[in-house]
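K.L.:
okay, predicted coordinates and the sequence, questions at the end:
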Amino acid sequence: AIERTLSIIKPDAVAKNIIGEIYTRFEKAGLRIVAARMFHLSKEQAQGFYAVHKERPFYNDLVGFMTSGPVMVQVLEGENAIAKNREIMGATNPKEADPGTIRADFAENIDANAVHGSDGSGTAEQEINFFFKPEEICPRIIG
Ligand code: CMP
């Protein structure tokens, strides 16, 4: 099925000036960018976005990292988009990421891991709504 997922290019990857390289990987995988915006997240925005992790030991470091510089946020659309994006990102910990994945190629460590992607259909919908209004999404005509 055609799905949408939320993707974030994190501060480490924006600082490395590889937004375009990562966009190329999305496009080569058949994912279309249907909404995009750059943000420098406030502490409150980062805390809200990652609220599901608030009891985890890494939460404060995660919020600190995600507010350390601008991020590029996009909605990706395509066949099986949620799983496809997770596949091309690779494992959360770049040490465990398969060769050729975004995290294997560009991530420094588990905190500065280049990209975020929604992990399921419920979180995808929630995360897209966190950043974008419905009218800000521009679905593409296929074919
Ligand atoms: P992300 O997919 O953005 O979701 C939460 C982030 O927390 C994750 O990527 C990692 O960058 C970060 N993180 C740091 N430590 C851990 C951990 N032990 N398990 C999962 N995520 C972690």
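P.N.:
That came through, no problem. Residues are numbered from 1 along each chain as shown.
K.L.:
distance check, Leu6 against Asn80.
P.N.:
Distance, Leu6 to Asn80, by Cβ to Cβ, to the nearest Å: 15 Å. Bear in mind the C-beta positions are built from the backbone N, C-alpha and C, glycine included.
K.L.:
near the ligand, which residues of the chain are found?
P.N.:
His53, Phe58, Leu62, Thr92, Ile110, Asp111, Asn113, His116 (Cβ under 6 Å from any ligand atom).
K.L.:
which pLDDT does the model give the closest residue to the third one other than its chain neighbours?
P.N.:
Distances taken as Cβ to Cβ, 6 or more residues apart in numbering put Tyr50 closest to Leu62, at 5.8 Å, once the chain neighbours are dropped. At Tyr50, the predicted lDDT confidence score is 98.
K.L.:
likewise for Pro139?
P.N.:
At Pro139, pLDDT is 85.
K.L.:
that one and Leu76 touch, don't they?
P.N.:
No - with contacts counted by Cβ atoms under 8 Å, Pro139 stays clear of Leu76, the gap being 11.8 Å.
K.L.:
show me which of the two is the more surrounded one.
P.N.:
More crowded of Pro139 and Leu76, by other Cβ atoms under 10 Å: Leu76, with 29 against 12.
K.L.:
which of the three states applies to the more buried one?
P.N.:
Classification of Leu76 by DSSP: H, G, I helix; E, B strand; the rest coil places it in strand.
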